[in-house]
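**Student:** My questions concern the predicted model and sequence given below.
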Amino acid sequence: MFPIITHGSSEDALKALRDNGAAILRDPDRTIDEFVSFTDEFVDADPYHSVATGERDTAGAEGTNIATVNKGVGAMALHRESSFLPTQPDVVALFCERAPGRGGETTVCDGVKLRAALPEELRTFLEHEVLVWRFVMPVERWSVIYGTDRPEQAAQRIKELMDRFAPTATYDFAFTDDNELDGTYRAPFVSPTFWNGVPAFSNSLLYWYHNQGPFIAKRLHHVTLSNGDRISADVVEAIEECAEKLTVGMDWQRGDIVLLDNSRVMHGRRAIVDSQRRILVRLGRYRPETTSSV
Ligand SMILES: [Fe+2]
């Protein structure tokens with residue numbers, strides 16, 4: 001499990017993110033406003049595209065970009081948040097407003113450890129392959145994440161965002177006659193982490209393999225290898241077998257903040273059995289001045 005920091009500062013959190021890829025900050029008296037002010041110290045928060053299409057609700061004060069986690073009660077497989085979009089966050093910040101009595105653990109898996117634990121032949125295959133993820137976004141989604149419904153402005157924003165990932169990842173896109181944004185994100189299965197460039201298996205392959213339920217827009221996703229072939233079940237299941245051994249469940253307490261470095265640590269959840277569970281999410285990018293000071 002990742003170390004739990006009681007009443008920690010943002011410096012403590014950033015150091016934990018740098019060293020471990022995750023930080024758990026415990027303070028049972030923490031309010032949602034304090035969650036916002038704490039994360040504002042080092043993250044620029046972005047809107048969540050799936051709020052616009054009803055897969056999530058907004059929460060907190062207007063403009064704070066807080067959302068509920070994906071609706072429904074089913075388990076969610078491990079994933080890298082928005083891994084197939086230029087807007088993928090550096091940091092996933094989760095806040096526990098009401099802890100579940102049982103079940104509903106958020107799951108986390110360190111992609112650095114996972115890459116190292118993969119069978120050698122599979123690791124070599126993945127290190128030389130690319131995950132190709134085509135995702136078609138209706139205007140209701142792309143206008144939210146790019147802050148504009150004008151294609152030329154969104155295109156400019158995409159270019160700016162993708163500069164962060166070049167040349168490792170690429171994003172090819174076009175706007176259709178129906179004003180959808182048809183984009184294809186290509187990134188290696190194993191990519192360097194944000195903080196120290198260590199290779200990590202952090203992507204959304206397992207999520208794609210398992211995605212199901214009414215609150216996941218699965219029809220919009222098309223996922224292949226670099227040659228267009230579908231990824232075999234054998235490959236996915238071998239990765240999952242390794243990942244399961246390294247996955248830990250977050251035993252939530254009210255007021256907890258969990259911060260995850262999205263380039264390194266994947267997250268998911270176990271099935272929800274206590275409807276009182278209320279976990280909120282805020283996504284964003286590190287502020288440049290904060291990462292240079294750690
Ligand atoms: Fe997520």
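**Tutor:** Looks like it arrived, so ask away.

**Student:** Contacts only, for Phe38.
**Tutor:** Applying CB atoms under 8 Å, 6 or more residues apart in numbering, we find Phe38 in contact with Ser10, Ala13, Leu25, Arg30, Ile257. Using the backbone N, CA and C atoms, a C-beta is placed for each residue, glycine as well.

**Student:** if you look at those, which of them are in helices?
**Tutor:** Assigned to helices by DSSP state H, the following of those qualify: Ser10, Ala13.

**Student:** What is the burial count for Thr31?
**Tutor:** Counted with other CB atoms under 10 Å, the burial measure for Thr31 works out to 12 neighbours.

**Student:** how close does the residue nearest in space to the middle of the chain sit to Pro151?
**Tutor:** Geometric centre of the chain, nearest residue: Glu81, 1.7 Å, by CA atoms, centre = their mean. Relative to Pro151, Glu81 is positioned 25 Å away (criterion: CB to CB, to the nearest Å).

**Student:** Need the phi and psi values for Leu94.
**Tutor:** With angles defined as degrees, to the nearest 10, Leu94 sits at phi -110, psi 140.

**Student:** before we move on, back to that, can you put the contacts of Phe38 in CSV and add neighbour count and pLDDT?
**Tutor:** As requested, the contacts of Phe38 are arranged in CSV below (neighbours: other CB atoms under 10 Å; pLDDT from 0 to 100):
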residue, neighbour count, pLDDT
Ser10, 19, 92
Ala13, 25, 94
Leu25, 24, 96
Arg30, 19, 96
Ile257, 22, 97
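
**Student:** I'd like the contacts of Phe38 laid out as a markdown table, including distance to Thr193.
**Tutor:** Formatted as a markdown table, the contacts of Phe38 follow (distance: CB to CB, whole Å):
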| residue | distance to Thr193 |
| --- | --- |
| Ser10 | 20 |
| Ala13 | 17 |
| Leu25 | 21 |
| Arg30 | 28 |
| Ile257 | 21 |
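
**Student:** So which bits of the strand or helix carrying Glu289 are buried?
**Tutor:** Glu289 belongs to helix 288-291 when assigned by DSSP states H and E. Of the residues in helix 288-291, Thr291 count as buried by neighbour count, 16 or more other CB atoms under 10 Å.

**Student:** Pro266 and Pro86: what is the separation?
**Tutor:** For residue 266 the amino acid is Met, not Pro. Shown here: Met266 relative to Pro86, a distance of 19 Å by CB to CB.

**Student:** Looking at these two, which is more packed in?
**Tutor:** Neighbours of Met266 and Pro86, each counted by other CB under 10 Å, are more numerous for Met266; the result is 31 against 22.

**Student:** Surely the more buried one and His79 touch.
**Tutor:** Yes. Under the criterion of CB atoms under 8 Å, Met266 is in contact with His79, at a separation of 5.8 Å.

**Student:** any common contacting residues for the two?
**Tutor:** Common contact partners of Met266 and His79 (CB under 8 Å, 6+ apart): Asn203, Ser204, Leu206.

**Student:** where does the first one fall, phi/psi-wise?
**Tutor:** The reference is to Asn203. The main-chain torsion angles of Asn203 are listed as degrees, to the nearest 10 and equal phi -150, psi -170.

**Student:** and what of the last one?
**Tutor:** Dihedral angles of Leu206 (phi, psi; degrees, to the nearest 10) stand at phi -70, psi -40.

**Student:** returning to that earlier point: which of the shared contacts of Met266 and His79 ranks first by neighbour count?
**Tutor:** Neighbour counts for the shared contacts of Met266 and His79 were taken using other CB under 10 Å; the highest belongs to Asn203, which has 25 neighbours.

**Student:** Strands along the stretch 151-294 of the chain, start to end?
**Tutor:** Using DSSP state E, counting those that start in this stretch, the strands assigned to the stretch 151-294 of the chain run over residues 170-175, 181-188, 190-192, 199-201, 221-224, 248-250, 257-261, 265-269, 278-286.
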